[in-house]
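**Q** Fold the following for me, if possible:
(one chain, ligands or ions: 2)
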Amino acid sequence: MMRSLFEKNIRDLKGVGEKRAKLFEKLGAPTVGALLRLYPRAYEDLSHPYPIRLAPLNEPCAVRATVLERPAETRIRGGLTICKVKVTDGESDMELTYFNNPYIPAMLKADEEYVFYGKVTANFLKREMSTPEFVRAALCPPVRPIYRQTQGLSSRMIESAVKNAFELLPDRIRDPIPESIRVAHGLCPLRFALENIHLPQSMEDMEAARKRLIFEELLILQLGLLRLKGRSRAVSRLRLDHDCSEAFYRFLPFKPTQAQKRAVKEAVADMMSGFPMNRLIQGDVGSGKTAVAAALCYCAVQNGMQAALMAPTEILTQQHYASLSASLMDVRVALLTGSMPAAKKRAVLETLQTGEVQLVIGTHALLSEGVAFHRLGLVVTDEQHRFGVAQRTALASKGDHPHMLVMSATPIPRTLALMIYGDLDISILDELPPGRQKIDTYAITAEKRQRAFRFIRKHIDEGRQCYIICPMIDEGQNDMASVNEYAEKVRAEWLPGYPIGVLHGKMKPKQKEAVMAEFSRGKISVLISTTVVEVGVDVPNAVVMLIENAERYGLSQLHQLRGRVGRGEYKSTCILISDAQNEETVARLKTMCETNDGFQIAEQDLKLRGPGDFFGHRQHGLPELKIADMMLNMDLLKEAQSVARDILNADGELEAAPHRGLRAEVKQLFENMAN
Ligand code: ADP
Ligand code: MG
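**A** Residues are numbered from 1 along each chain as shown. Ligands and ions are numbered 1, 2, ... in the order given. Now for the predicted structure:
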């Protein structure tokens, strides 16, 4: 009964026709249930309206006043109409102004008292409000919701649809949170929460509703995450018997850093424990995460298991393949990408299944159905934030609770990471390989571009290489044109006679590979590229990173791009070209010039962009949350996590009657996840 109403098409609501239904769909509410989960983004507090004289100026507030006389419309230039309304609270007067709204005279009646909501302004003569909202004082609700609106669908229309939805809602609705948990954690029932998140009787009630809905969302998220892992303490049959990392270090062309050794040691201990490893390696760009992964793959393989390394781009996969096949000489390594010819792919799939291939390195192609392993023991995901949780799990499900290692350069504060990833263990690479020099970073205007190119030329003449990140006029559509055009200019005017390569997202994987390979081998001096080189590419001989239109990129992205240089023994430089003057851009570029520390940059990014954006879907691959904010609701997140653990310990499959509601919600949240 309940579900059916929740699943009722939005069109079945009073006042919602075909056209409006489309708009609701656009807002993410194709059903009545979804509409009730479309929470307001803010509220107008009308519960304590001000008298005119005491109303705060220039900020939204509610003012109670009576209309003095019937408003009249006057025509001004260009067919515009203006309607001035005089109101009073008995002590002071105020003037309201409405433009182009012919209904005002009929709606605002003389001698009637209203609550007006808007900004009050004042000059030395009088107080005014321009186009305030209003409700008759006698009917004024204490709080009014403000919804995220869309063209053709105003906040008020959404409010009235929500009211109609509540009319249809039966008194008893099924609450996914079991009553015992609800009571123990001081949470209000679902019906109260829904009513008071939309149409609260007071701000306190709204807060109570909000707390409950945030808790509910976080609980469902945590349940889903813990269940996705679904193996919290499953005994592993893939126990590592021998630690072969010392042997591996002998293959390395360099000495591992203390941090790398520590990370490897921690992961090896996990794999020897008899339980599946679930570990995150967090390290700034250039900290040497690949070598850690290689060491662990080597250990797995030497212990008779297969290992899989998944990376988000073809270029990165190629590069890992090249470097790992070189350092793991006695391991049979294969490459698997989407662009490989079918016959070759088939051959790889076969050898994977027989166990002949010991380590496979691939893109998303590893997730496809045809991929099966003989004895998958270790799954490594590089640049984990590029993948959804579900994808990582999909790869793991090709083995029997294999060990999992994820690597990320996005520094997430430890406490938060622990909560996002549930019971994930974390190793931090807090040390860069020796001999790394600070990358000098300069922000310049386009006027100084010539000087930047002279600087580039000097380095090329010394045998070094450079990257230029090229302006994208319009992401996707025009980037090919703009890169090529830019490259022409570089060839003809700025660096005539030098070998130049071009790389962009529209190229075929084969072409991209070829260009990257030439750049790696030093055949190309300058690589002009879009941000496709952003992730993980490693050419230690490249020493200058020039970024055109630097204002277009976020801090973390700039830091990733800059991380392409400074990877070898040579002093490296990053040049940011931008003419943008706005405060935020200037702050961003200044941060880049001042620090090389990824953690500090992430923090600054958080400050400049706000947590919602920073921890947006793309950053962590989690489902989108409607009301909770993991940064702001840390306490509730902790509470929800511990409740989720208790529930799953008692009922791992969420099959008991009190947990069925939760089970359905978990399923829905993770199904809606765009991967
Ligand atoms: P990231 O952590 O960004 O993935 P990489 O694994 O690509 O970093 O390593 C960056 C560069 O540093 C590579 O050229 C790698 O060979 C080199 N490197 C890694 N570890 C060391 C080390 N201990 N000593 C010297 N160079 C190292
Ligand atoms: Mg890397």
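
**Q** Can you list the helices and strands that the longest helix seen in the chain packs against?
**A** If you go by DSSP state H, the chain has its longest helix at helix 203-229. In terms of contacts (3 or more Cβ pairs under 8 Å, 6 or more residues apart in numbering; DSSP states H and E), helix 203-229 is packed against strand 42-45, helix 190-198, helix 389-396, helix 634-650, helix 660-671. The C-beta positions use only the backbone N, C-alpha and C, and glycine is treated the same way.

**Q** which strands and helices sit next to the shortest one?
**A** Put plainly, it is strand 42-45. Short answer (3+ Cβ pairs under 8 Å, 6+ apart): strand 42-45 packs on strand 60-67, strand 143-146, helix 203-229.

**Q** Report the buried residues of it.
**A** 43, 44, 45 (16 or more other Cβ atoms under 10 Å).

**Q** Ligand 1 contacts on the chain?
**A** Proximity of the chain to ligand 1, by Cβ under 6 Å from any ligand atom, involves residues 254-257, 260, 283, 285-291, 409, 433, 536, 538, 540, 567.

**Q** Filter those residues down to the ones in strands?
**A** In strands, defined here by DSSP state E, the members of these are residue 283.

**Q** Buried members of the residues of the chain next to ligand 1 into ChimeraX, please.
**A** Filtering the residues of the chain next to ligand 1 down to the buried ones (16+ other Cβ under 10 Å) takes a single ChimeraX command:
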select :256,257,260,283,285,286,287,288,289,290,291,409,433,536,538,567
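
**Q** what residues are up against residue 656?
**A** residue 650 (Cβ atoms under 8 Å, 6 or more residues apart in numbering).

**Q** follow-up on the earlier one: ok, the buried residues of strand 42-45 vs residue 335, which is closest?
**A** Taking Cβ to Cβ as the measure, residue 335 lies nearest residue 43 of those, at 55.0 Å.

**Q** What about residue 239, how many residues nearby?
**A** Neighbours of residue 239 under the rule other Cβ atoms under 10 Å: 16.

**Q** gap between the nearest residue to it once chain neighbours are set aside and ligand 1?
**A** Among residues not flanking residue 239 along the chain, residue 274 sits closest, at 5.4 Å (Cβ to Cβ, 6 or more residues apart in numbering). Per Cβ to the nearest ligand atom, to the nearest Å, residue 274 is found 29 Å from ligand 1.

**Q** again with residue 197
**A** With Cβ to the nearest ligand atom as the criterion, residue 197 and ligand 1 are 43 Å apart.

**Q** Number of residues surrounding that residue?
**A** Here the number of neighbours of residue 197 (other Cβ under 10 Å) works out to 25.

**Q** And the one 10 residues further on, by the same measure?
**A** Here the neighbour count serves as a burial measure; for residue 207 (other Cβ under 10 Å) it reads 13.

**Q** ok, now how distant is it from residue 585?
**A** Distance of residue 207 to residue 585, computed by Cβ to Cβ, to the nearest Å: 36 Å.

**Q** what's the answer for residue 9, then?
**A** Residue 9 is 45 Å from residue 585, by Cβ to Cβ.

**Q** Looking at these two, which is more packed in?
**A** Using other Cβ under 10 Å as the criterion, residue 9 and residue 585 rank with residue 585 on top: 17 against 13.

**Q** what secondary structure does that one sit in?
**A** Using DSSP: H, G, I helix; E, B strand; the rest coil, the secondary structure recorded for residue 585 is helix.

**Q** residue contacts, it?
**A** Taking Cβ under 8 Å, 6+ apart, one finds 551, 578 in contact with residue 585.

**Q** Right, and ligand 1 sits closest to which residue of the stretch 1-150 of the chain?
**A** residue 28 (36.6 Å; Cβ to the nearest ligand atom).

**Q** Quick check: that residue touching residue 34?
**A** Yes: Residue 28 is within contact range of residue 34, at 6.4 Å (criterion: Cβ atoms under 8 Å).

**Q** With neighbour numbers in mind, choose between these two.
**A** residue 34 (17 against 14).

**Q** Next one: the more buried one relative to residue 20, how far apart?
**A** For residue 34 relative to residue 20 (Cβ to Cβ), the value is 14 Å.

**Q** Kindly report the same for residue 646.
**A** Following Cβ to Cβ, the distance that separates residue 646 from residue 20 is 44 Å.

**Q** and those two? which has more neighbours close in?
**A** Neighbours were counted for residue 646 and for residue 20 using other Cβ under 10 Å; residue 20 has more, 18 against 11.

**Q** For the strand ranked longest in the chain, name the packing helices and strands.
**A** Longest strand of the chain, by residue count under DSSP E: strand 113-122. If contacts are counted by 3+ Cβ pairs under 8 Å, 6+ apart, strand 113-122 sits against strand 60-67, strand 127-130, strand 133-136.

**Q** how far off strand 60-67 does that strand point, in degrees?
**A** With axes from the mean of the first three to the mean of the last three Cα atoms, to 10 degrees defining the directions, strand 113-122 sits at 120 degrees from strand 60-67.

**Q** Please give me every residue in contact with residue 239.
**A** 271, 272, 273, 274.

**Q** Closest to residue 461 out of these?
**A** Once Cβ to Cβ is applied, the member of those that ends up nearest residue 461 is residue 271, at 48.8 Å.

**Q** which intervals of the stretch 401-550 of the chain have sub-threshold pLDDT?
**A** Filtered on pLDDT under 70, the stretch 401-550 of the chain yields the residue ranges 411-423, 471-481, 534-536.

**Q** so what's whichever residue of it sits closest to ligand 1 up against?
**A** Ligand 1 sits closest to residue 433 of the stretch 401-550 of the chain, with a gap of 3.3 Å, by Cβ to the nearest ligand atom. Applying Cβ under 8 Å, 6+ apart to residue 433 gives the contacts 254, 257, 286, 287, 288.

**Q** For the residues you listed, could you give me TSV that also reports pLDDT?
**A** Shown next, in TSV, are those (pLDDT from 0 to 100):
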residue	pLDDT
254	92
257	96
286	83
287	89
288	92
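
**Q** follow-up on the earlier one: could you tell me the least trusted of the helices and strands packed on helix 203-229?
**A** Least confidently modelled of those is helix 389-396, at a mean of 78 by mean pLDDT.

**Q** No further questions, thank you.
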